[in-house]
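>>> One predicted model, sequence on top.
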Amino acid sequence: MSSRMIRFTLNGRNATAIVEPYHNLVDLMQRFDLYGARESCGQGLCGCCTVMLDGEPVSGCLSLAVLADGRDICTVESLDCNGQLSAVQQAFIDAGAFQCGYCTPGFILMIEQLLARNPAPTDEQIRDWLAGNLCRCGTYPEIINAVHLAAAARREKTAA
């Protein structure tokens, strides 16, 4: 096995890294001091390790870092704008949609994608979209409330 230099865009900035063939995206993000994507199950079942790869959510624990070469990676850390939280991040706070917070970054990235595709999802659509994300603290009702709060905030911002 040999190391390989990869080049990619990370949260809007050009980046390079030397990776081993067995490194995954969670390992790679931690090398850049980005800890939002967290390995939990190691099987791509819980959503804690979610990152966006070319605009699509992937399990960072299953996605090899070498496959990021030439691609665009976005993490939850990219969502704030000049210290201002995104509507989804703020909605999580307002709805109390977390307890331990371990799963929160994965949920937030998935909800950002959901609202980009469906600005007014129903509870059923939210549950379906978030089916791959697990919250061991059981804050599901609050997470659904946060989605509705974020959707309303986005619609308000668009109308203004």
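In hand now; what should we look at? Given the structure is predicted, the values throughout are model-derived calculations rather than measurements. Residues are numbered from 1 along each chain as shown.
>>> what sits against residue 24?
If you count contacts by C-beta atoms under 8 Å, 6 or more residues apart in numbering, residue 24 has them with 39, 60-65. For glycine as for every other residue, the C-beta is placed from the backbone atoms N, C-alpha and C.
>>> ok, now with 7 Å
For residue 24, the contact set (C-beta atoms under 7 Å, 6 or more residues apart in numbering) comprises 60-65.
>>> One more: residue 61?
Listed by C-beta under 7 Å, 6+ apart, the contact partners of residue 61 are 24, 26, 39, 42, 44, 49.
>>> farthest pair in these?
Pairwise distances among the contacts of residue 61 were taken by C-beta to C-beta; the largest, 11.2 Å, belongs to 26 and 44.
>>> Please report the distance of the residue sitting nearest the centre point of the chain from residue 47.
Closest to where the C-alpha atoms of the chain average out (C-alpha atoms, centre = their mean) is residue 109, at 3.1 Å. Relative to residue 47, residue 109 is positioned 9 Å away (C-beta to C-beta, to the nearest Å).
>>> ok, and the most crowded of the contacts of residue 24?
Most neighbours among those, by other C-beta atoms under 10 Å: residue 60, with 28 neighbours.
>>> Pretty sure that residue sits against residue 25.
Yes. Residue 60 sits in contact with residue 25 when judged by C-beta atoms under 7 Å, with a separation of 3.8 Å.
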